[in-house]
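> Provided below are the primary sequence and the corresponding predicted coordinates.
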Amino acid sequence: MARVFNFSAGPSMLPESVLNLAAAEMLDYKGSGQSVMEMSHRSKVYEEIINEAQVLFRKVLGIPDNYKVLFLQGGASTQFAAIPLNFMNGTKKADYVLTGQFSTKAYKEAVKVCPDGDVYEVASSKDKTFTYIPKLTKENFRSDADYAYICFNNTIYGTKWNYIPDTGDVPLFADVSSCFLSEPMDVTKFGLIYGGAQKNIAPAGLTVVIVREDLLGNAPASIPTMLDYKVMADNDSMYNTPPCWSIYMCKLVLEWIEKIGGLEAMKLHNEKKASILYDYLDSSKMFINPVNKEDRSIMNVTFVTESDELNKKFVADAAAAGFVNLKGHRSVGGMRASIYNAMPIEGVEKLVDFMAQFEKNN
Ligand SMILES: Cc1ncc(COP(=O)(O)O)c(C=O)c1O
């Protein structure tokens with residue numbers, strides 16, 4: 001069967017050249033006589049893979065030396081608990097901006113795992129079904145909070161922060177799961193950024209946490225060892241068995257990003273795809289994008305028609321034509337096209353042609 005255009009929100013498409021290289025190296029990785037899937041994570045050959053992944057991540061994203069890059073497991077959702085457990089350690093105040101389901105989950109998890117803490121809702125865009133990003137200034141955040149928390153790209157609602165909020169001296173933490181490595185990012189503006197790899201970076205199983213070193217080491221003694229970022233940092237992400245295969249795939253994806261010109265080129269590629277789709281949506285009489293224009297995500301593009309029935313028909317007809325996983329998140333309905341790094345421009349052009357034809361026929 002021909003490969004489909006996969007608009008899944010994650011796990012999602014990986015670059016075809018990366019899949020081909022992984023296939024070629026599957027049985028015998030560089031003359032080692034084994035697959036990366038079979039290697040001891042303590043072997044010399046694997047050590048080189050994880051070290052290269054680390055070096056490349058730093059290079060591609062421009063991560064300064066005073067930040068640690070951790071290759072962890074448990075998904076982004078585990079970090080919802082790990083973050084308050086590691087960092088609500090001073091005034092025990094933490095400030096959360098609620099811009100969708102994942103930041104709300106992170107907020108609730110902080111309340112749950114730090115019951116003696118003071119978890120504060122700085123702002124929320126729930127009043128308009130999370131279709132916009134609140135405009136905040138330093139005054140909105142508490143100056144004595146241990147950290148402030150945002151979700152930088154809201155996968156379900158198709159919004160993205162088009163600015164980095166000023167939190168003064170309070171370290172800003174961001175969930176970047178669905179926009180990781182999609183464009184350049186000034187890491188120095190953040191105390192911590194993290195994300196699940198299964199959208200832009202690698203297959204599921206790997207979670208990357210990038211954290212400023214001086215913030216580590218103050219977790220309470222009761223923190224579970226596996227959630228203690230300091231332990232993971234001190235052990236170079238090898239306290240226990242890391243997600244070896246996903247880290248290897250991450251290395252191949254980083255090499256691919258470098259080859260196509262790094263994150264500046266990635267940004268142009270992603271902006272082009274997003275504008276093809278948004279331009280069409282803005283001209284369509286059938287499909288509507290419900291998001292505040294200036295807060296539109298370039299990774300997740302949401303749209304609806306006026307009826308659930310038509311939405312359903314669109315998703316089914318699109319799948320039959322080779323455009324799969326266009327159904328919106330179960331909590332909001334409608335449609336969503338996730339157009340992560342590996343989605344070629346051709347995929348979006350063909351989708352728009354298909355949408356225009358569907359509009360004409362229906
Ligand atoms: C922005 C964001 N945060 C968190 C998550 C949860 O990630 P995981 O499934 O890796 O726990 C997702 C999943 O789609 C996401 O999009």
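That came through fine.

> which stretches of the stretch 1-150 of the chain form strands?
5-6, 67-72, 93-98, 118-124, 147-151 (DSSP state E, counting those that start in this stretch).

> Please apply the same query to the stretch 201-350 of the chain.
207-212, 300-303, 323-324, 335-338.

> Name the residues that touch the second one?
Just to be clear, that refers to strand 300-303. 9, 153-158, 178, 274, 277-278, 281, 287-291, 328, 332, 334-339 (CB atoms under 8 Å, 6 or more residues apart in numbering). From N, CA and C alone the C-beta is placed, and that goes for glycine too.

> tally of neighbours for the residue in the stretch 1-150 of the chain that the ligand sits nearest to?
Closest contact between the stretch 1-150 of the chain and the ligand, by CB to the nearest ligand atom, is at Gly75 (2.8 Å). Residues lying near Gly75 (other CB atoms under 10 Å) number 17.

> In space, what's closest to it - neighbours in sequence excluded?
Nearest non-adjacent residue to Gly75, counting by CB to CB, 6 or more residues apart in numbering: Gly196, 5.1 Å away.

> Kindly tell me how buried that neighbour is, as a neighbour count.
Neighbours of Gly196 (other CB under 10 Å): 27.

> which residues does it contact?
Contacts of Gly196 (CB under 8 Å, 6+ apart): Gly10, Gly75, Ala76, Ser177, Ala204, Leu206, Thr207.

> OK, contacts around the second one?
Going by CB under 8 Å, 6+ apart, Gly75 touches Gly196, Ala204, Thr207.

> Among these, which one sits closest to the ligand?
Comparing the contacts of Gly75 against the ligand with CB to the nearest ligand atom picks out Gly196 as the nearest, at 3.0 Å.

> give me phi/psi at that closest one?
Main-chain dihedrals, Gly196, degrees, to the nearest 10: phi -70, psi 150.

> rewinding a little: quick check: bridge partners of the residue nearest to Gly75?
Thr207 (DSSP bridges).

> and the gap between it and Thr155?
Plainly put, Gly196 is 10 Å away from Thr155 if you go by CB to CB, to the nearest Å.

> How is the protein partitioned into domains?
Split into domains by automatic domain parsing, the chain comes to 17-259, 262-361.

> picking that back up, tell me which of the contacts of strand 300-303 fall in helices.
Ala274, Leu277, Tyr278, Leu281 (DSSP state H).

> Of these, which pair is most distant in space?
Ala274 and Leu281 (10.4 Å; CB to CB).

> near the ligand, which residues of this structure?
By CB under 6 Å from any ligand atom, the residues of the chain that approach the ligand are Ala9, Gly10, Gly75, Ala76, Ser77, Phe102, Cys151, Thr155, Asp175, Ser177, Ser178, Gly196.
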